[in-house]
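# Structure for this input, please:
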Amino acid sequence: MDALMSITCKKFKDVYNICTQSMTKILSGSQRVKSHYFCKKDLFKTYTEVIGALLENENHWTLFFCDLTKQEVTYMDPFGEANGKKNEILKNWSYFAKAKGCALKWTRNDVPHPRQEDGHSCGVHVLMFAQALLEGKGFVDGYASVDIPQLRAQFCNILFSSLDRGVKCTVCWSVLMKEKGRKKNLPELVLNLPKKMKTKTSIFSALTEGEASDLATGLTKSLCQNVSPKLVRKDISDHNAEVTRTTLASVRANLQSSLDSRSAFSLLTHTFGPQAVDGVLGFISESLK
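Below you'll find the model as predicted:
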């Protein structure tokens, strides 16, 4: 979400995009916002607008937007905004602004928008809200629930198109490079690649280890939430299910011992690979019970 919000705001020079972690702290009323070390940038004097996505209850994206010149605060929830929540957001933003030396009187601004009709498209809605507000619109339109899959694909394309593949990731490069004149123990598939391809960074090079780990965890959670164990267990006898579970347990143990944090697979995927594989195998094993 941070990456897509940053890309969305890039062409708006007077807009400051607050990262999701900081925005969530600010609008939850955290005492940390009073710290001198929290958000050092003097955004109230440097920018005209502030925007940021926040993650609520660790599973739902909403959007915050503030017009600093008009002193207006906009809070948008894809499911709809309750008055109590909007007042809470206004109060916590005022608290943050005052802590940064900007004791102004802020007012609420409500913006009509399409509503989320499922349990997994809040991020797409928030990005569409952000685009509309940054373009100066007083409302959000131009898309419906049936457009969500296509919009998600468009955002995915924007994200991957923005990666700078000309920069080498130091972690990936350290695995692929030669050491003391001898090649490292890399898979034959990698060793046989053309020289230029060996030095290219992967899509994981744009992620920190923490982000890659979160991505793997998210994949496993999504698998558990959206794929029924009955689908995995379909037409499999109890005997065959138990035999398969026993085999999977051995496979998981072998991979866990071999694909540790120092393995090439882990380093090249910034820890995503081994965690994702283990999560998928664990899901299949649990589904066969």
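# make it CA atoms for all contacts and neighbour counts henceforth
Noted.
# And the pLDDT at the closest residue to His270 other than its chain neighbours?
Nearest non-adjacent residue to His270, counting by CA to CA, 6 or more residues apart in numbering: Glu209, 5.0 Å away. pLDDT for Glu209: 73.
# ditto for Arg182
pLDDT recorded at Arg182 is 42.
# next SSE after the lowest-mean-pLDDT helix or strand in the chain?
The weakest-scoring helix or strand in the chain, judged by mean pLDDT, DSSP states H and E, is helix 195-198 (a mean of 44). Following helix 195-198 in sequence order, the next helix or strand is helix 209-226 (DSSP states H and E).
# Which residues belonging to that next one are considered buried?
By 16 or more other CA atoms under 10 Å, the buried positions in helix 209-226 come out as Glu209, Ala212, Ser213, Leu215, Ala216, Thr217, Leu219, Thr220, Leu223, Cys224.
# can you check stretch 134-143 too?
Applying a neighbour-count criterion of 16+ other CA under 10 Å, one finds Leu134, Val140 buried in stretch 134-143.
# Break down the stretch 51-200 of the chain into its helices, ranges please.
With DSSP state H, counting those that start in this stretch as the criterion, the stretch 51-200 of the chain has helices at 83-99, 122-134, 148-161, 170-176, 188-191, 195-198.
# ranking these by burial, who's on top?
Ranked by mean neighbour count, the helices of the stretch 51-200 of the chain are led by helix 122-134 with a mean of 21 (mean count of other CA atoms under 10 Å).
# I would like the residues contacting the helix or strand hosting Ile7, please.
Assigned by DSSP H and E, Ile7 belongs to helix 2-9. Outside helix 2-9, the residues that touch it by CA atoms under 8 Å, 6 or more residues apart in numbering are 15-17, 19-20, 52-53, 127, 130-131, 134, 155, 158-159.
# Which parts of this protein belong to which domain?
Per automatic domain parsing, the structural domains of the chain span 2-161, 166-206, 207-289.
# Can you flag the weakest of those by average pLDDT?
domain 166-206 (a mean of 51).
# Give me the outermost residue of the chain relative to its centroid.
Distance from the centre of the chain peaks at His239, with 40.6 Å (CA atoms, centre = their mean).
# about what we covered before: show me what whatever helix or strand comes next after the helix holding Ile7 is packed against.
Next along the chain after helix 2-9, taking DSSP H and E as the criterion, comes strand 15-17. Counting contacts by 3 or more CA pairs under 8 Å, 6 or more residues apart in numbering; DSSP states H and E, strand 15-17 packs against helix 2-9, strand 49-56.
# What angle do strand 49-56 and the first one make with each other?
Helix 2-9 and strand 49-56 are oriented at 160 degrees to each other (axes from the mean of the first three to the mean of the last three CA atoms, to 10 degrees).
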